[in-house]
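A.B. asks: here is my input; please provide its structure:
(3 chains)
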Amino acid sequence: MTNPIGLQEFLIVSAMLFTLGIIAMLTRKNAVGILMGVELILNAANINLVAFSHFITKELSGQIFVMFVILLAAIEAIIALAIILSIYRIFESVETDTIKNLKG
Amino acid sequence: MTDILIYKIIFYCFSAVTIGSAAVVVFDKNIVRAAFALFFTLMGVAGLFAMLGADFLAGLQILLYAGGILVLILFGIMLTQRLVDVDIKSGRIQLLPSIIAGLILLFFMTIMIVKYKWNIATNVVYAYTTKSIGALLLTDYILPFEIASVALLAALIGAVMLARSKEK
Amino acid sequence: MNEEIVKHIINSTRYILPEIIITCGILVLILINVLSKSRKYSLYAFFTILTLIAASIATFTLFSLPENYAYFGMIAVDKFSLFFKLFFILSTLLLALISMDSKELLEHSPAEYHVLMLSMLIGMNLLASGNNLLMIYLAFEMLSTAAYVLTGYLKQKKDSLEASLKYVIYGAMSSGIMLFGFTYLYGLTGDLRITIIKETLKNSPIPQPFILFVMILILAGIGFKISSAPFHFWAPDVYEGAPTAITAHLSVASKAAGFAILIRLFFSAFSYQIPDGIMVQTGAPWISLIAFLAVLSMTIGNVAALLQKNIKRMLAYSGIAQAGYMIMGLVTMNNEGISAVLFYLASYLIMNLGAFYIAISLYPLTGSYAIDSYAGLWKKKPFAVIAMTFFMLSLIGIPPFIGFFSKFMLFAAVIRAGWVWLAVVAVLNSVVSLYYYMYVIKVMVVDAPVKTETVAMPKFVYATALVLAVLSLIFGPGFQPIYDFAKYSVQLIGLR
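C.D. replies: Residues are numbered from 1 along each chain as shown, chains lettered A, B, ... in the order given. Have a look, this model is predicted:
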């Protein structure tokens, strides 16, 4: 039974997610907001991988790649949030509204 | 016939959920609302995985991504909500130009995707994937599997070291 | 069938012996930390150095084995990857050595520091040998996350944390985009392995705009790692905020890792060899894209460096320009050009690490990394000034230092490949760079002395810097062994 929805529909969905992720990365100033934009891009890549794995190759290599992407996304989120927490601990007593010690 | 119609409707529903909540993630000023919208995006993606026959991955997405990473992000937001906003960019790129740029990018990507003749394999098979993934992880993909554990170990050690309180 | 699989896995193990040794080192460090609760950081440094020496010996033994793919095409073990493994082990060894001087870095968490250092090394090693898009992405992220944490290691210092945050955010952005490019590459060619990708790209034509778009996406991630413009925005802030020992390591090792994967990807996947040995690009005219990146990096790096007052930021922009020169070496599409790039990386290790180590040594005296704080140091610490002069002259490319010979070989290869205009741009940029490198020397030698503390300079860092200075002089006229080693190592598996 062939899939009534073609490969291209899935690719367009992931392209839309990718574009939204790029816009998030460009417009958001908040570090967690940018991180969420990155998660959107990673999910778009995951949709690509599973779609390609399903339609083009007959193997599961794409799906295994997705597992590792999810793992690495988790690792990246862990590190980013640990850094953000540390920053809040330090900047807690200082009155700044942007973190701009280093120039630009 | 109706099967196909139902299938298409489900696909468009999942896509709408995914893209719609992704839009909220991008444009909502309230970061907590954006994080909750991200949850719906992740669920939508899990649904799309299921429609592509990736049953194990759909479960993994819900468990790890929505249940792990998203919870982590929410913790991060909640713990830092009352304090200073962590802004890292000095210049703010305006909303409208980036939306226009994004739309142009999307337009070009769509054209490329649609015009290319993908060599789609014949007889697409739906099968349970869990057993095959398990077998692959221990044969073809054994090296990344083992290295990933070392990577995870290092990341945990690093994160704990960074987030430890000052008294230690 | 299962028997063959098991046999293949067992046979592949000897190819990752260095990484196994390093992983054992990580476990030993953790065990020591848990069991003995020792805070003496020299203990951990000692074990780390021991592990690294063992790993380098293992890497040397791999040279005699025939080239092969291991683990079902996951990694390619060829002379090219072994060259880079030695490079990374050397840089990590130096980092472990000089960190022993730094109380603030190691006071609180010495075990974690060395574990992260070693895990970054594993990531770099696997990146240099990666043959499968999955392995490449995994190694890339492993290397990056260790780097993010190490950048923020001085968590009491605001600058360190801010640098780390910027590094994480920009790094996650660019690696996400690169991953998206990888997925399209997978979809267009149907396989994750570079060898198969090459065959598919050679045989079936894919519309150029699409492949070009994919290449640009991939270059976003790799360009970030090698600090090439226009993906360079993270470098000055991260270099300035991170602990200087880490900055030095990043500027050399992580950049080289990026170049390793850049060369492997573009020369193994996006080009192929026709019978008389010449390489041809497939897919899209990416050579012009690379040339454009090279010119952009050289120019932006050099022009921005002119305005810098802080030595770490200056070296960051100088690194962007140097990355531009090295990218230029890739347009040659022949072994001569790539060997020149490898040789340039080796010389860059000596010059750049040396410059940073002198800056570390002088910090207790001057209390800052501002170039103007080095005024008149010629009177008090002449040897340090001499060493720094060696490094600056080498970075400009003035004989008899190694920098001259590496630039010369690179430019010669580019000219011989027909890209004369590119070499001219590079030479002009080198002339521009004269100003900001010379400025450092001028401040140190000519300017009136500023008040400095009378403290001793950190021993290990200073000694290593002096050794590197001597090497930059000896390996100038004596560059042949290094260049020959680069030529020998340039054989990517599958290419001759």
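A.B. asks: put the alpha carbons of stretch C:467-480 into CSV.
C.D. replies: Taking Å, rounded to 0.1, in the frame of the first residue of the first chain, the C-alpha atoms of stretch C:467-480 are listed here in CSV:
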residue,chain,number,x,y,z
VAL,C,467,60.3,25.9,23.4
LEU,C,468,57.7,26.7,20.8
ALA,C,469,59.6,29.9,20.0
VAL,C,470,62.7,27.9,19.4
LEU,C,471,60.8,25.5,17.3
SER,C,472,59.3,28.2,15.2
LEU,C,473,62.8,29.3,14.4
ILE,C,474,64.3,25.9,13.8
PHE,C,475,61.5,24.6,11.7
GLY,C,476,61.7,27.6,9.5
PRO,C,477,64.6,26.6,7.3
GLY,C,478,64.2,23.1,8.6
PHE,C,479,60.6,22.8,7.5
GLN,C,480,61.2,19.9,5.2
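A.B. asks: can you list the buried residues in that stretch?
C.D. replies: In terms of neighbour count (16 or more other C-beta atoms under 10 Å in any protein chain shown), stretch C:467-480 has its buried residues at C:Leu468, C:Ala469, C:Leu471, C:Ser472, C:Leu473, C:Phe475, C:Gly476, C:Phe479. Backbone N, C-alpha and C define where each C-beta goes, glycine included.
A.B. asks: which of the residues you listed lies closest to chain A?
C.D. replies: C:Leu468 (27.5 Å; C-beta to the nearest C-beta).
A.B. asks: packing partners for the helix or strand hosting the closest one?
C.D. replies: Secondary structure assigned from DSSP states H and E places C:Leu468 in helix C:459-474. For helix C:459-474, the elements it packs on are helix C:79-99, helix C:335-366, helix C:382-396, helix C:402-416, judged by 3 or more C-beta pairs under 8 Å, 6 or more residues apart in numbering or on different chains; DSSP states H and E.
A.B. asks: how about residues contacting that helix?
C.D. replies: Residues from elsewhere that reach helix C:459-474, judged by C-beta atoms under 8 Å, 6 or more residues apart in numbering or on different chains: C:94, C:97-98, C:100-101, C:245, C:347, C:350-351, C:353-354, C:357-358, C:360-361, C:383-384, C:386-387, C:390-391, C:394, C:400-403.
A.B. asks: and stretch C:418-429, by the same measure?
C.D. replies: C:291, C:294-295, C:298-299, C:302, C:321, C:324-325, C:328, C:331-332, C:411, C:414-415.
A.B. asks: among those, which are in helices?
C.D. replies: C:291, C:294-295, C:298-299, C:302, C:321, C:324-325, C:328, C:411, C:414-415 (DSSP state H).
A.B. asks: and the pLDDT for residue 71?
C.D. replies: This is for chain A. What the model reports as pLDDT for A:Leu71 is 95.
A.B. asks: my question was about chain B
C.D. replies: 94.
A.B. asks: ok now the helix or strand encompassing it, how far from the chain's centre?
C.D. replies: If you go by DSSP H and E, B:Val71 is part of helix B:70-79. How far helix B:70-79 lies from its chain's middle: 16 Å, per C-alpha atoms, centre = their mean, to the nearest Å.
A.B. asks: list the buried residues for it?
C.D. replies: Buried residues in helix B:70-79 (16+ other C-beta under 10 Å): B:Leu70, B:Leu72, B:Ile73, B:Leu74, B:Gly76, B:Ile77.
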